[in-house]
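> Here is a sequence with its predicted model. Questions after.
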Amino acid sequence: MSSLAPLHNPPNIACIISCQNLLKCPQVAIFDTAFHSTIPKEKYLYGLPYEYYEKYKIRKYGFHGTSHKYVSKLICEFYRLEKQKKSKLIICHLGNGSSITAVKNGKSINTTMGFTPMDGLIMGTRAGSIDPGVLIHLEKKLSVNFDELNKILNKQSGLLGISGYSDMRDLRKNQKDSKCKLAMDMFADRITHFIGAYIGELGGVDAIAFTAGIGENA
């Protein structure tokens, strides 16, 4: 599965192998995509030739599932929502990597991250949702290959690309700077956009939660 998560899976596998060499105990892998396995097909498929899904499994997978599942259950317990199984929740996991999930009746019905964690919200160093035509244009303009484009999208974009800072704490300290303010406004704008969309998809909302580093502290 490392071709689907090249930044995450190899280091995790290396840790498992190291632990197997040192410790005699079970190794358990928890995939944070699993919570999103309930997303309907019309939401997880892309408008690409269907054979790409059949042959290469190109589809929305979603991430941060362990966080979204835990927080959605916590909300129901903490606020004593009487009809927990009929709840409509929106979980905003906002950190250096950010995603929002619509949770209906305890199940994920849509999430902002897609085939990779690059999709959806603007993040610390990731661009988020972008017109794919921009990438084709940049490939020609900058004369870069796809590895370099991947570096731009994953490591040089998002809050960092707009303001020069990837950490929201630095942005808040320098919020009088026009680019820092712009980066925060863009971040908030995308969050507002997806919350609005998910209220529509859920048919209302009982609770909206903000979690992870930015969601908890900003």
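Okay, I see it. Numbering: from 1, shown residues only.
> Do I have it right that Pro201 meets Val103?
To be clear, residue 201 is Glu; Pro isn't right here. No. Glu201 is beyond contact range of Val103, at 11.0 Å (criterion: Cβ atoms under 8 Å). (C-beta placed from N, C-alpha, C; glycine too.)
> More neighbours: which of those two?
Higher neighbour count among Glu201 and Val103: Val103, with 30 against 15, using other Cβ atoms under 10 Å.
> The more buried one belongs to a helix, doesn't it?
No. Counting by DSSP: H, G, I helix; E, B strand; the rest coil, Val103 falls outside a helix, being strand.
> just checking, it touches Asn110?
No. Using Cβ under 8 Å, Val103 is not in contact with Asn110; the gap is 9.3 Å.
> State which helix of this structure is the longest.
If you go by DSSP state H, the chain has its longest helix at helix 178-202.
> Please compute how far that helix lies from its chain's middle.
14 Å (Cα atoms, centre = their mean, to the nearest Å).
> Check which residues of whatever helix or strand comes next after it are buried.
Using DSSP states H and E, the helix or strand that follows helix 178-202 in sequence is strand 207-211. Buried residues in strand 207-211, defined by neighbour count with 16 or more other Cβ atoms under 10 Å: 207, 209-211.
> if we can go back for a sec, now the longest helix of the chain: average pLDDT?
In this model, helix 178-202 has an average pLDDT of 98.
> How about stretch 61-77?
94.
> Just the buried residues of that stretch, please?
So for stretch 61-77, counting by 16+ other Cβ under 10 Å, buried means 61-65, 67-69, 71-72, 75-76.
> Show me how far that stretch is from its chain's centre.
Centre to centre, stretch against its chain (Cα atoms, centre = their mean), the figure for stretch 61-77 is 13 Å.
> Now do the shared contacts for Glu201 and Val103.
The contact sets of Glu201 and Val103 overlap at Ile109 (Cβ atoms under 8 Å, 6 or more residues apart in numbering).
> I'd like to know how many residues surround the closest residue to Asn145 other than its chain neighbours.
Excluding its sequence neighbours, the residue lying closest to Asn145 (Cβ to Cβ, 6 or more residues apart in numbering) is Glu139, at 7.7 Å. By other Cβ under 10 Å, the residues close to Glu139 number 14.
> so Glu139 makes contact with Leu149?
Yes. Glu139 is within contact range of Leu149, at 6.2 Å (criterion: Cβ under 8 Å).
> Now do the helices in this protein.
9-22, 41-44, 50-56, 65-78, 132-141, 146-155, 158-163, 168-173, 178-202, 212-217.
> Please identify the most buried of these.
helix 158-163 (a mean of 22; mean count of other Cβ atoms under 10 Å).
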